[in-house]
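J.: Predicted structure and sequence below. I'll ask about it afterward.
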Amino acid sequence: MGNSHISVQVRLPDGSAAPNGVLVELELQNTEMVTQDQTDSSGRCNFSPPGQAIYLVRAKQAGYFDAVVAVDIQNTPTGMAFLVLRPKPETTPPAPPASPKGATGPTVSTIDLSVPEPARKEYELGQQSLLSQDLEGGISHLKKAIELHDQFPQAYAMLGAAYNQQKKWKDAQDALQKAIQLDPKGAGAYIQLGATLNREKDYAGAEKALKQGFQLDPEPPEGAGAQYELAYAHFSQGRWQNAEPEVTKAISAQPDFALAHWLMAQIMLKKGDGQGAINEFQTYLKLDPNGPAAPSVGAVIPKIQAVIQGR
């Protein structure tokens with residue numbers, strides 16, 4: 001398999017994690033099988049596709065309709081697939097296993113169970129549109145879902161994530177705060193809010209939101225991205241010592257995460273490790289040679305080298 005990565009989260013209609021051991025298949029667009037895996041106790045699994053393309057991710061479980069979404073990673077090495085298993089009306093699907101004592105994770109909410117079918121359908125259409133990189137279409141469906149049912153935290157959370165992709169930070173913040181108000185146990189909304197507040201330079205607020213998200217779900221689907229955002233919040237408040245272990249986790253989880261290497265280079269400079277900074281900057285340039293920080297990184301490496309040689 002290649003360096004590409006697809007994170008998969010399978011849930012039930014009420015928002016809880018799917019049963020352990022759901023079969024998840026990765027297919028090409030022509031439905032040719034690439035590989036398969038099974039979900040863990042939190043309804044997650046991961047794939048490393050052979051290349052950057054459009055893939056189909058399909059979840060199969062007895063008593064449920066198949067759930068399938070398209071994931072486009074043609075222009076990015078990573079993607080996420082959110083699938084909802086809907087029970088067949090003529091069968092009684094198996095109940096999810098009980099969570100281990102002390103475990104934290106998604107909880108079933110009466111809010112989720114109250115969502116009417118038309119709103120749920122619009123939500124799922126919005127989800128599919130976003131996974132196909134159709135942001136405007138996804139936002140339109142999610143707004144419609146909220147119009148049909150204004151007490152729909154998952155729709156607000158996904159709408160906030162879509163606004164984040166459009167860099168509409170204030171709209172994202174409003175949607176995510178509404179999601180949290182409706183469902184204070186929705187970890188994903190806190191993680192997305194943390195990312196939003198980082199972009200708005202509210203680093204203390206970002207840190208608080210991200211820590212709440214990790215407390216609710218120590219292994220959120222956002223994975224390395226969430227760790228990076230927490231590291232960035234620490235670093236931006238002058239606490240590089242706190243940022244270092246978080247960005248280390250991000251790089252360990254996703255070695256090809258270019259921005260994490262950029263942040264690690266900044267931390268190396270704070271530590272006085274010039275060669276370590278150069279190594280991380282060079283890794284950033286290798287992974288993202290046309291990235292937003294590439295010009296400044298390319299310019300600073302010779303300056304660091306000059307300082308090292310002048311000692």
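T.: Nice, I can see it.
J.: which SS state does the most centrally placed residue in the chain fall under?
T.: The residue lying closest to the centre of the chain (Cα atoms, centre = their mean) is E222, at 2.6 Å. Under DSSP: H, G, I helix; E, B strand; the rest coil, the three-state class of E222 is coil.
J.: swap in V10?
T.: Criterion first, three-state DSSP; result for V10: strand.
J.: how close does it get to D217?
T.: From V10 across to D217, the span is 15 Å (Cβ to Cβ, to the nearest Å). For glycine as for every other residue, the C-beta is placed from the backbone atoms N, C-alpha and C.
J.: The residue nearest to the centre of the chain contacts A189, correct?
T.: No - if you go by Cβ atoms under 8 Å, E222 and A189 don't touch, sitting 11.2 Å apart.
J.: one step back: give me the more crowded residue out of V10 and D217.
T.: When neighbours are counted by other Cβ atoms under 10 Å, V10 and D217 differ, and V10 comes out ahead with 25 against 20.
J.: Can you name the residues that contact the more buried one?
T.: Listed by Cβ atoms under 8 Å, 6 or more residues apart in numbering, the contact set of V10 reads 17-18, 22, 24, 39, 43-45, 59, 67, 83-85.
J.: try 7 Å this time
T.: Residues in contact with V10 (Cβ atoms under 7 Å, 6 or more residues apart in numbering) are 18, 22, 24, 39, 43, 59, 83, 85.
J.: what about burial for those residues, which qualify?
T.: 18, 22, 24, 39, 43, 59, 83, 85 (16 or more other Cβ atoms under 10 Å).
J.: Could you tell me how far stretch 281-299 lies from the centre of the chain?
T.: 23 Å (Cα atoms, centre = their mean, to the nearest Å).
J.: Tell me which residues are up against that stretch.
T.: So stretch 281-299 is in contact with 256, 258, 261-262, 265, 301, going by Cβ under 7 Å, 6+ apart.
J.: same thing with stretch 18-26?
T.: So stretch 18-26 is contacted by 8, 10-12, 33-41, 43, 45, 47, 49, 55, 57-61, 85, 94, 96-97 (Cβ under 7 Å, 6+ apart).
J.: taking those one by one, which sit in strands?
T.: 8, 10-11, 33-38, 45, 47, 55, 57-60 (DSSP state E).
J.: Give me the lowest-pLDDT entry from the residues you listed.
T.: Lowest pLDDT of the ones in strands among the contacts of stretch 18-26: R11, 83.
J.: which ones are touching it?
T.: 17-18, 43, 84.
J.: do the same with M268
T.: 276-277, 280.
J.: what's downstream of the helix or strand hosting it, the next helix or strand?
T.: Per DSSP states H and E, M268 falls inside helix 258-271. Per DSSP H and E, the first helix or strand lying C-terminal to helix 258-271 is helix 274-287.
J.: what's the following helix or strand after that following helix?
T.: Following helix 274-287 in sequence, per DSSP H and E, is helix 294-309.
J.: so what's S41 closest to, chain neighbours aside?
T.: Using Cβ to Cβ, 6 or more residues apart in numbering and skipping residues adjacent in sequence, the residue nearest S41 is N20, 4.8 Å away.
J.: and what of R44?
T.: Q9 (5.5 Å).
J.: Quick check: bridge partners of the one you found?
T.: Here Q9 sits in beta bridges with R44, F82, going by DSSP bridges.
J.: Hmm, N46 and it touching each other?
T.: No - using Cβ atoms under 7 Å, Q9 is not in contact with N46, being 10.3 Å away.
J.: Mind checking which of the two has more residues around it?
T.: More crowded of Q9 and N46, by other Cβ under 10 Å: Q9, with 21 against 12.
J.: Can you tell me how far that one is from A81?
T.: On the measure of Cβ to Cβ, Q9 and A81 end up 7 Å apart.
J.: coming back round to it: looking at it, the residue nearest to the centre of the chain is touching I191, isn't it?
T.: Yes - using Cβ under 7 Å, E222 is in contact with I191, at 5.0 Å.
J.: which residues make contact with stretch 127-138 from outside it?
T.: 69-72, 81-82, 126, 141, 158, 162, 165-166.
J.: I misspoke; the intended subject was stretch 226-241.
T.: 191, 194-195, 198, 203-204, 206-207, 210, 213, 220, 242-243, 246-247, 249-250, 253, 257, 259-260, 263, 266-267, 270.
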